[in-house]
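A.B. asks: from the sequence below, what's the structure:
(one chain, ligands or ions: 1)
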Amino acid sequence: MLERLGGQASDNTRRRVLNEIMARQYWRPSNMLYPVPAVMISCADEEGRSNIMTAAWAGTICSDPVMVSVSIRPERYSHDVIARTKEFVINLTTEDLTFAADFCGVRSGRDVDKFEYLHLTKIPSQKVKAPSIGESPVCLECHVTAIEKLGTHDMFLAEVVQVSVDEQYLDEKGRFLLEDAGLAAYVHGSYFALGEKLGTFGFSVRKKEKKEGGKRRKTVPRKTRDAGTAPGRKKDRISGQADTGTGRQKEKPSGRRKDKPASQADTAARRKKTTSVFADRISARKKKNTK
Ligand SMILES: Cc1cc2nc3c(=O)[nH]c(=O)nc-3n(C[C@H](O)[C@H](O)[C@H](O)COP(=O)(O)O)c2cc1C
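C.D. replies: Numbering: from 1, shown residues only. As a prediction, this is how the structure comes out:
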């Protein structure tokens, strides 16, 4: 259509036609940067009273020093606690934790002890007084370095001073298989499980790995791993490529995907191997809660 306009059409006409073809609407500014994590921020006041609030306006802002930001409205109970103590923990949220994350985002610590109400395991952090959430696969212990007033929200800039991870996601070689944790995402008012893996960092430019003997490795679906894929979880179509970063193994027992019956025995076996005292406590608590 644009070509048919030839060289005669004005810029305005071109713009109008292009807009029609692409059928876009233009809205006033709004927060539409998605997906984001809906993390659970835990904190504790000077008397040791702990609390959890959910925050979607959180992000990584620097690698060295490792820094994050969390934007919190001043009216939140957690706001003043964190502003005073200058400490909090970011707990990553999984599918299993989504109910708790939502609850922590709609009820205030002024009215309810969220750890107790949700039967979450309060575990001591190493570098900050704020507790971590035992059921979370990754907890980032943070120390606030600055508070920036932005408008509706105050942005807390913080240095990550310690990271703790759930040992059940470590494989035999000590590699951390975070993608097995069932992390959840928040998109435009809804919570989602993560879907199909589309690639790994740099895959767009990576040469396919050469097989021993000079032949290129074929990119075939990792059938073994996906044999027990639950409904709603699509298969991994990128498997077979060199995995950087996570260093995941070809065949491995999967983690906390509760809807994957075929791998439950594997998960139990791996759990047994971990030395984490919390893993046992968490599973005992889960059993109790399902009764
Ligand atoms: C998914 C979700 C994301 C949220 N993100 C934020 C956020 O980034 N910043 C914020 O101030 N409040 C956010 N909230 C609201 C607070 O979590 C909520 O007001 C909570 O009750 C505050 O807890 P508190 O009063 O115990 O601190 C979010 C709520 C939900 C459900």
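
A.B. asks: C-alpha from now on. contacts and neighbour counts both.
C.D. replies: OK.

A.B. asks: for the ligand, what are the nearby residues on the stretch 1-150 of the chain?
C.D. replies: Contact residues (CA under 6 Å from any ligand atom) of the stretch 1-150 of the chain with the ligand: 38, 52-57, 71-73, 76-78, 102, 104-109.

A.B. asks: give the PyMOL command for selecting the buried subset of those residues.
C.D. replies: Remark: buried members of these, expressed as a PyMOL selection using 16 or more other CA atoms under 10 Å:
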select buried, resi 38+52+53+54+55+56+57+71+72+73+77+78+102+104+105+108+109
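
A.B. asks: can you list which of the residues of the stretch 1-150 of the chain next to the ligand are found in strands?
C.D. replies: Among those, the members found in strands (DSSP state E) are 52-55, 71-72.

A.B. asks: max pairwise distance over those residues: which two?
C.D. replies: Farthest-apart pair in those is Ile52 and Ser71; separation 14.6 Å (CA to CA).

A.B. asks: now do the same for Ile21: its pLDDT.
C.D. replies: Predicted confidence (pLDDT) for Ile21: 87.

A.B. asks: equivalent analysis for Arg225, please.
C.D. replies: At Arg225, pLDDT is 31.

A.B. asks: assumed Glu116 was part of a helix.
C.D. replies: Yes: checked against DSSP: H, G, I helix; E, B strand; the rest coil, Glu116 lies within a helix.

A.B. asks: neighbours of it, how many?
C.D. replies: Residues lying near Glu116 (other CA atoms under 10 Å) number 12.

A.B. asks: what comes up buried for the host helix or strand of Arg16?
C.D. replies: Per DSSP states H and E, Arg16 falls inside helix 11-22. By neighbour count on 16+ other CA under 10 Å, the buried set for helix 11-22 is Arg14.

A.B. asks: can I get it in CSV? Just the C-alpha atoms.
C.D. replies: The C-alpha trace of helix 11-22 is given here as CSV (Å, rounded to 0.1, in the frame of the first residue of the first chain):
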residue,chain,number,x,y,z
ASP,A,11,5.1,12.6,5.0
ASN,A,12,1.8,13.2,6.8
THR,A,13,0.0,10.9,4.3
ARG,A,14,2.6,8.2,4.7
ARG,A,15,2.4,8.4,8.5
ARG,A,16,-1.4,8.2,8.4
VAL,A,17,-1.3,5.2,6.0
LEU,A,18,1.4,3.4,8.0
ASN,A,19,-0.7,3.9,11.2
GLU,A,20,-3.7,2.5,9.5
ILE,A,21,-1.8,-0.6,8.3
MET,A,22,-0.2,-1.3,11.6
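
A.B. asks: endpoints of stretch 19-38, how far apart?
C.D. replies: 34 Å (CA to CA, to the nearest Å).

A.B. asks: and for stretch 188-200?
C.D. replies: Termini of stretch 188-200 sit 25 Å apart (CA to CA).

A.B. asks: go on, stretch 126-140?
C.D. replies: Span of stretch 126-140 from end to end, CA to CA: 10 Å.

A.B. asks: contacts for that stretch?
C.D. replies: 42-45, 48, 50, 87-94, 97, 120-125, 141-143, 160-166, 169, 178, 181, 278, 282 (CA atoms under 8 Å, 6 or more residues apart in numbering).

A.B. asks: drop anything exposed from those residues.
C.D. replies: 42-45, 50, 87-94, 97, 120-122, 125, 141-143, 160-166, 169, 178, 181, 278, 282.

A.B. asks: re the thing from before, next secondary structure element downstream of the helix holding Arg16?
C.D. replies: strand 39-44.

A.B. asks: out of the helices and strands in this protein, which is least certain?
C.D. replies: Least confident element among the helices and strands of the chain, by mean pLDDT, DSSP states H and E: helix 223-226 (a mean of 32).
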